[in-house]
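Undergrad: Prediction below, plus the sequence it came from.
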Amino acid sequence: MNLSLLIILPFITLLGILLARGLKQVRTIALAGSALQLLLCLALFYLYRTERSGGKNAAFLFEDGYVWYRPLGINYHVGVDGISVAMILMTAFVVIAGVLVSWKMEKMYKEFFFLLIFLSLGAYGFFISLDLFTLFFFLELAVIPKFLLIGIWGSGKKEYSAMKLALMLMGGSALVFVGLAGLYFNTTVNGAHSFDLFDVANQQIPIGAQRVFFPFAFVGFGIFTALFPFHTWVPDGHSSAPTAASMFLAGISMKLGGYGCLRVATFLMPEAAKEYSTIIIVLACIAILYGAFATMMQTDLKYINAYSSVSHCGFILLGIGILTRTAINGAVIQMVSHGLMTALFFAAIGMIYDRTHSRQVAQLGGLMKMMPFISTVFVIAGLCSLGLPGLSGFVAEMTVFMGSWEKTDIFYRIATIIACASIVVTAVYILRVIGSAIMGPVRNNEYLRLKDAGWNEKLAAGLLIVGILAIGILPFYLTELINPGTDVIMNAINRVVGN
Amino acid sequence: MSYSSYIALIPLIPLAGFTILGLFGRKYFKQSSGVIGTLLLLVSTGLALYTAYQYFFVNGKVDGVYQPITAVKYTWLSFSGNMSIDMGIILDPISVMMLVVVTFVSLMVHIFSLGYMKGEERFATYYAFLALFTFSMLGLVVSTNLFQVYMFWELVGVSSYLLIGFYYDKPSAVAAAKKAFVVTRFADLGFLIGILILAYYGNSLDIKTLVENINSTELTTITTASFFGISALTWGLTLVFIGGAGKSAMFPLHIWLPDAMEGPTPVSALIHAATMVVAGVYLVARLFPLFTLTQAALNIVTFVGLISALLAAIIACTQTDIKRILAYSTMSQIGYMMFALGVSGYTGEAELGYTASMFHLFTHAFFKSLLFLGAGAVIHLIHSNEMKDMGGLRKYMPITHLTFLIACLAIAGIPPFAGFFSKEEILLAAYHSNKLVYGIALFTSGLTAFYMFRLYFSIFWRTSSSSLGETHLHEGTVSMKMPLIILGACTLFAGFIPFGKYVSADGIPLESHFDPVFSIAPVALGIGGILLALWLYKKESERSSRIATALGGLYKTAYRKFYIDEIYMFITKKIIFNLIGRPAAWIDRNIVDGAMNGIAWTTGKVSVMIKGIQSGKVQGYALYFFGGIIVLAMIFLYLWK
Amino acid sequence: MSDIPVSQILFVSIALFFIGMYGLFTRRNLITMLMSIELILNSVNINFVVFNKYLYPEKLDGIFFTIFIIAIAAAEAAIAIAIIINLYRSHRSIDVEDASEMRY
C-alpha cells in the first residue's frame, strides 16, 4: 500500500472543499473525504496485519520515499509500524467524528472544514514520517490551523486562548527543532548529516549530545502532551475551542506529542531517556494526581475534561518514562484510548452546549430526561475516563500500572501507587459531574423542550464508542498490533552502549 | 474441556440481554423488555442448575475430593512474562454455588420486578441494567484470574451505581449512587495494589498458579520481604481485603450501603443483599489458601467482620426506615460470614468456619432477598419506607406476611429455618477458635432476633397511627407473590442441605456435626430477642420510647450511626476538597499558569520598553543607520585586526 | 590634469556627502530629502571615479559602478517621487513627520 495516499486523500479533500459552494457541498465533501480516509486506514490496518502475519518482520512496513532536498539530506521518507497504525486509525475515527459534529457549522463553514482537514493532514503526515525533517514539517502543519480554529470559531476569551496555545505549542516546536538539529548534526552517513530516522537510530548518538538534546526534544514534544508544568495551554485552549477543534486538539494533537516523545526522544536517545527517567516519572506523577485534584474543583464542563486530559496524558508520559515494554505498550494504548475517549467527551459536551448554551455544571441538571442519547454518551465517556473494564481506559491504565510495577525499585513502586490513587480521584470528579449535570432534577425549565441528538451526532458518537468498546473488549488485537513496534524501541533501550 | 464450554453461556446470556435491551429496548420492546430479560435469565438459571448438578454429582469429584475445573480460559491481555489477564471460568464448589445463587436470586428479582416496576418509564433500561449486573456478578464468581476478578468487580460496582441511581431525578438517589461508587472505588484502590503485590511475588495473575507459586517457591520471599515491619504477604492480603471490605460494606467502609437503599427495592434485594455485597466474602474465600498463610491477615478479617456485625446490629435497633434496617442487618450478617472465614483454618476440622461462612452466604441470599422483596411488596403498597406509616398489614397481605415471618425466623436463627443451621456452624467455629469472638457473636445473634422482630411487628402487627385507606389495599400481582413463595420455600428447606459435604476449603467433604446442646444458648437468646420485641412493639405502646429515653446518649449515637458518616463528610468536604483540591486548582491557575503568563507578560513589557525606537520618523531611522555604520566602521578599522 | 591632488577631490566629495547628510536630517520636506540623498550618491560617485582614476587607471570598475549608481539613482528618484505624490494625495502634505503611521 502506498502510504502517501494517507496524505494525498486529505489533500484532494482540501481541494474539493475549496471548489465547493455552499454548506451542503462543503460538508458532504469533508464527510466523504474523511469516510474514505477511515476506510483507507482500516485497509491499512488490515494490510498491515496480513503482512505481519505473512512473516514480514522489518521494523517498518510500506516504506516509501524520495529525495526532497539533497544538500541537507532531507528526504520524504514514510513507513509505518504498529504504533503508527494504531495512531492513524485513532486519528481517522476522531476526524470523521469531528466532521460530523460540525455538521451545522454556519459561520465561515468553508474555512472551518478546510482547517479541520488540514489539521488532520498534518497529523497523518506526522504519524507516517520516518524522516525527522518531514516529521517536523507535518508537526508544524498541524499547529497553525489550531490557532485559527480557536481564534475565529472559539468562544469565551478565544483570542487569549488561541494566542496562548499557539505560542506555547510554537515554543514546543522550537525546542523540538533544537533537539532534531542536535540529532542531525550528530549523525553522519557517508560524510553527510542525515535526518533519516533509521540513520539516526543506527548511529548511536554520543551520550554527551544525548544529555543535551534529549531534554529539548522531550520537553518540546511534552508541551504538546501536557507535560507538567507546561500544561496550562490545555484548559484554556480546550475551553475556548469549538467542539470539533477541541476534539482534534485533545484527541489528535496531544497525541502528536506523546508519539514524538516515544518515537523521537526515547527511541533515538535511549541512554539519555534512562538518565532522565526519574524526572519524567516525577513530572508525570505530579500531572496525574495534581491534574486530577485540580479537575475536582472545576465547574465548567470543558475545563473538567481539559484538566482530566492533563491527568490522563500523565499516564502516557509515565508509561514512556518507566521504559519497560509493558509500560510503553500501556502508553501507546493510553494514547489511542484517550484520543477516542476525550474526543467522545468533547463531542458530548459540545452537543450539550449547542442546546443549552451553558457549560456550567451548576446550571445544567437532569439532562438525562430530555436527551437520553447525549447523556448516555456522556456517561460512557465518563466511565471510560474513570477506567471501567470493558472500555478502553481500563486496558490502558492497567497496562501502565503493570508495566511500572515491573520495576522493583521503591521509587517506581511509589510512583505506581500514586498513579493508582488517581483512579479514585477520577471517580470522584467524573461522578460529581454526571451526578449534577446529567442526573438530578432539571434545573432550568427552558431545557425541557430541548431535542436529543440528530443522526450526525449519533453517528459521530457511535463511531467513537465502537472504537472505545473495541479496545476495551478486544485489547489483544491492539497489543498484538503495537508489540513489534514496542520491541524495536525496547531493543534500542536495552542496547549496550559501546563506550 | 469442551464438555463444559456451554458454561460460558451462563454469563453471556445476560450480556446479550443487556446489549439487546440496552440498544433497542427503549424503542422497540418497551414493556415486553421485562419478559425478554426474565426469559433469558431463566435459560441462564437452568444452565447454572445443570452445571451444579454436573459438578456436584457427576464429574466434579475425583477420589472423594472436589477438584477445581477450568472450563474456559483464554488470554485476554498479556503483559510481560507470565503476567496476563485471562478470561476464564473456574468451577469449584464455591463458584458453582455462587452461580446458582446469583442466577436464582436474580431470576426471582426479575420476576418480582415485572410487577414492581410496572409502568416505569425506563422499564427497558431497568432490565438492561439488571442483566448487566447479573452478567458482571456471574463473571466475577467464575473468575480464574485476579485481574478478571478486579474487572468484574468494577463492573458490578458500576451496575450497582447505575441501579442505585436509577431514579436519577431524585438528588438523594444520585448522591447515594455516587457515594456507593466512590467508597467502593477507594477500597478498590487497595484491592488493585494488593493484586499488584501478590502478582509480583506470586509471579502470576492466575489465581491457581499464584496460590501454587506462593505456597511452594515464593513463600519465603513473600513472608520475609517486609515493609514497615509487616510482611509483603500480609500487606497484599490486607489490601485485597480492603477491596473486599469496601464491596461487602464492612466497617469502616460500610457507609454507602444504607444510602444505597435509594435504589428500587428489588435491586436492593439482588445487589445489596444477596449477591454483590457478599463479593468481598467470596473474594476472601477465593484467596483463602493465601489467607491461611498469615495469621495477621486472618485476624484483621476476623475483627473487621466482628466489629461490623456488632455495630450494624446495634444501629439496626434504632433505625426507622425499613430498608435501612434491612441494610444494616445485611451488613451484620456479612460480618458473620467474614469472621467465620477469619476463624477458620484450611484443613480438616478447622475448616468448619470456611464451610459455615459459605453456608451462611448461601442461606442468607435466600432469606435476605426474601426480606427485601417482602419489604418491596410493602413499600409498593404503602409508598413509604418509614416504619411509622405501617402497621397491621398482616390482614391485607397474607402471603407477604407469612414469607416475611419465615425469613425473620430464619435470620433470627430459630430452627428449623435455614439461618439456624448456618449460624449455628459459624458460632461453633468461633467457639472453637476464640471465646471472645464467640461471645460477641452470640450477643449479636440475640440482637439480630430483636431488631428483626421489631421490624416484623411494626410492619405487620402494630396498628398504625396513620389511617390506611382499606379499599385500595391489595397485595401485588402474581409476579410479585410468586418469588416470595419460592424464596420462602427455599428458606424453609435450604438449611437441610448437608452443605459441608459439598463445600469445604480443601475440597474434601466435611462431616457436619450437629450438636443440639450447643444450640441451646443461641436459640434461647434468639427467642429472648423475639419476646422482647413482642413485648415492646406488638401493640402501640410507650415502652420503646421510654427505653430509648433511658438510654439517652447511647441511643442517640446509635441512631446517628455512630457519627461515621459525619466523620467521612468532614474528611472529604473539609480536608480533601478544601486542603487538596482547592489549592491544586488555585496553584494551577495562579502559580503554574501565572508563570507561563508571567513569561508572556515579561516579553510584552520588554517590547513596550524598546518600542520607542520604532518611532515612525524616517530621519530618526536614518540617524540610527548612520550611527550604526560609523560604529561598524570603527569596529572594522580599529578592533578587527 | 594630474596636478590636482586626490585629497582635494576627496575633500569635495566629503563636503558633498555631509551637506547631503545635513539636509537629510534637518529638512522635513521629502523633496528636499530626496535631493540630499542625490547629493550623497553623487559624493559616492566622485569617490568611485577618483579612486579608479588614481589607483587603478588601467581598470574601469569604478566607472561602471558610477554609471550603475546613476542609473539606479534615476530609477530611485522616479519611485521616490511617485511615493511622494501618493503621500501628498493621501496626507495633503509631504512633511516626513506626518507620515508616521508605521510606528510601533
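TA: Cool, the structure landed.

Undergrad: Contacts only, for the residue nearest the centre of chain A.
TA: Most central in chain A under CA atoms, centre = their mean is A:Lys255, positioned 2.5 Å from the mean C-alpha point. A:Lys255 is in contact with A:87, A:90-91, A:225, A:335, A:338-339, counting by CB atoms under 8 Å, 6 or more residues apart in numbering or on different chains. All C-beta spots, glycine's among them, are computed from the backbone N, C-alpha and C.

Undergrad: what does B:Lys538 give?
TA: B:457, B:461-462.

Undergrad: So what does it look like in phi/psi?
TA: Taking degrees, to the nearest 10, you get phi -70, psi -40 for the backbone angles of B:Lys538.

Undergrad: what's the span of stretch A:68-87, first residue to last?
TA: End-to-end distance for stretch A:68-87, by CA to CA, to the nearest Å: 25 Å.

Undergrad: so which helix or strand takes in the residue nearest to the centre of chain A?
TA: Assessed by DSSP states H and E, A:Lys255 sits inside helix A:254-260.

Undergrad: measure B:Lys481 to chain C for me?
TA: Distance from B:Lys481 to chain C, counting by CB to the nearest CB, to the nearest Å: 87 Å.

Undergrad: Kindly report the same for B:Lys605.
TA: B:Lys605 is 14 Å from chain C, by CB to the nearest CB.

Undergrad: In terms of secondary structure, what does the biggest helix by length in chain C contact?
TA: The residue-count maximum for a helix in chain C (DSSP state H) belongs to helix C:61-91. Counting by 3 or more CB pairs under 8 Å, 6 or more residues apart in numbering or on different chains; DSSP states H and E, the packing neighbours recorded for helix C:61-91 are helix C:30-55.

Undergrad: what about residue 51, neighbour count?
TA: Let's take chain A. 15 (other CB atoms under 10 Å in any protein chain shown).

Undergrad: oops, I was thinking of chain C
TA: Close neighbours of C:Phe51, defined as other CB under 10 Å, add up to 15.

Undergrad: now swap in B:Ile629 and tell me
TA: B:Ile629 has 10 neighbours, counted by other CB under 10 Å.

Undergrad: Report the mean confidence score over the helix or strand hosting it.
TA: Using DSSP H and E, B:Ile629 falls within helix B:618-634. Taken as a whole, helix B:618-634 carries a mean pLDDT of 88.

Undergrad: do that helix and chain C meet?
TA: Yes: with CB under 8 Å from any CB of the partner chain as the measure, helix B:618-634 is seen reaching chain C through B:618-619, B:622-623, B:626.

Undergrad: List buried residues within those.
TA: B:618-619, B:622 (16 or more other CB atoms under 10 Å in any protein chain shown).

Undergrad: So which of those residues is the closest to chain A?
TA: Nearest to chain A among these: B:Val618, at 31.7 Å, using CB to the nearest CB.

Undergrad: quick one: contacts for that closest one?
TA: C:33, C:96, C:99.

Undergrad: Could I get the full set of strands for the stretch 1-150 of chain A?
TA: A:61-69, A:74-80 (DSSP state E, counting those that start in this stretch).

Undergrad: just for the chain, where's the confidence low?
TA: Answering for chain A, as no chain was given. A:496-499 (pLDDT under 70).

Undergrad: wrong one, I was asking about chain C
TA: C:1-2, C:104.

Undergrad: I'd assumed A:Glu159 was in contact with A:Asp236.
TA: No: at 11.0 Å, A:Asp236 does not count as touching A:Glu159 under the criterion of CB atoms under 8 Å.

Undergrad: Confirm that B:Tyr74 sits in a helix.
TA: No: per DSSP: H, G, I helix; E, B strand; the rest coil, B:Tyr74 lies outside any helix segment and is strand.

Undergrad: what's the residue nearest to it when sequence neighbours are not counted sitting at in phi/psi?
TA: Of all residues not flanking B:Tyr74 in the chain, B:Met87 sits nearest, at 6.0 Å (CB to CB, 6 or more residues apart in numbering or on different chains). Main-chain torsions, B:Met87, degrees, to the nearest 10: phi -100, psi 130.

Undergrad: B:Met87 contacts B:Leu77, doesn't it?
TA: No: using CB under 8 Å, B:Met87 is not in contact with B:Leu77, being 9.3 Å away.

Undergrad: right, is stretch B:178-196 up against chain A?
TA: Yes: Stretch B:178-196 reaches chain A (CB under 8 Å from any CB) through B:178, B:181-182, B:185-186, B:188-189, B:192-193, B:196.

Undergrad: contacting residues around residue 49?
TA: In the absence of a named chain, chain A is used. A:Leu481.

Undergrad: should've been chain C
TA: C:62-63, C:66.

Undergrad: got it, and C:Leu39?
TA: Counting by CB under 8 Å, 6+ apart, C:Leu39 has contacts C:16-17, C:19-20, C:23.

Undergrad: From B:Gly628, how far off is it?
TA: Taking CB to CB, to the nearest Å as the measure, C:Leu39 falls 21 Å from B:Gly628.

Undergrad: tell me what the helix or strand containing B:Leu42 is packed against?
TA: Assigned by DSSP H and E, B:Leu42 falls within helix B:33-53. Other elements packing on helix B:33-53 under the criterion 3+ CB pairs under 8 Å, 6+ apart are helix B:9-20, helix B:93-116, helix B:123-141.

Undergrad: what's the most buried one of these?
TA: The highest mean neighbour count among those, using mean count of other CB atoms under 10 Å in any protein chain shown, belongs to helix B:123-141: a mean of 27.

Undergrad: after that helix comes which helix or strand?
TA: helix B:146-164.

Undergrad: Just the CA coordinates for the helix or strand containing B:Ile411, please, in PDB.
TA: For B:Ile411, the enclosing helix or strand under DSSP H and E is helix B:398-412. Provided in PDB are the C-alpha atoms of helix B:398-412 (Å, rounded to 0.1, in the frame of the first residue of the first chain):
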ATOM      1  CA  PRO B 398     -51.200 -12.600  54.000                       C
ATOM      2  CA  ILE B 399     -48.600 -14.100  51.700                       C
ATOM      3  CA  THR B 400     -46.100 -11.400  52.200                       C
ATOM      4  CA  HIS B 401     -46.700 -11.600  55.900                       C
ATOM      5  CA  LEU B 402     -46.100 -15.300  56.100                       C
ATOM      6  CA  THR B 403     -43.000 -15.300  54.000                       C
ATOM      7  CA  PHE B 404     -41.600 -12.300  55.800                       C
ATOM      8  CA  LEU B 405     -42.200 -14.200  59.100                       C
ATOM      9  CA  ILE B 406     -40.300 -17.200  57.800                       C
ATOM     10  CA  ALA B 407     -37.400 -15.000  56.700                       C
ATOM     11  CA  CYS B 408     -37.300 -13.300  60.100                       C
ATOM     12  CA  LEU B 409     -37.300 -16.600  61.900                       C
ATOM     13  CA  ALA B 410     -34.500 -17.700  59.600                       C
ATOM     14  CA  ILE B 411     -32.300 -14.700  60.200                       C
ATOM     15  CA  ALA B 412     -33.000 -14.900  64.000                       C
END
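
Undergrad: Could you give me the buried positions within that helix?
TA: In terms of neighbour count (16+ other CB under 10 Å), helix B:398-412 has its buried residues at B:399-412.

Undergrad: List the neighbours of stretch B:509-523 that are in contact with it.
TA: With contacts defined as CB under 8 Å, 6+ apart, stretch B:509-523 is touched by B:64, B:66, B:351-352, B:355, B:413-415, B:420-421, B:423-425, B:427-428, B:431, B:442, B:445-446, B:498-502, B:504.

Undergrad: Repeat the analysis, applying 7 Å as the threshold.
TA: Applying CB atoms under 7 Å, 6 or more residues apart in numbering or on different chains, the contact partners of stretch B:509-523 are B:351-352, B:355, B:413-415, B:423-424, B:427-428, B:442, B:445, B:498, B:500-501, B:504.

Undergrad: quick revisit: so A:Asp236 and A:Glu159 - more neighbours on which side?
TA: A:Asp236 (25 against 13).

Undergrad: In contact with the more buried one, which residues?
TA: A:161, A:164.

Undergrad: okay, which residue of chain A is out on the far edge from center?
TA: Chain A, CA atoms, centre = their mean, max distance from centroid: A:Asn445 (37.9 Å).
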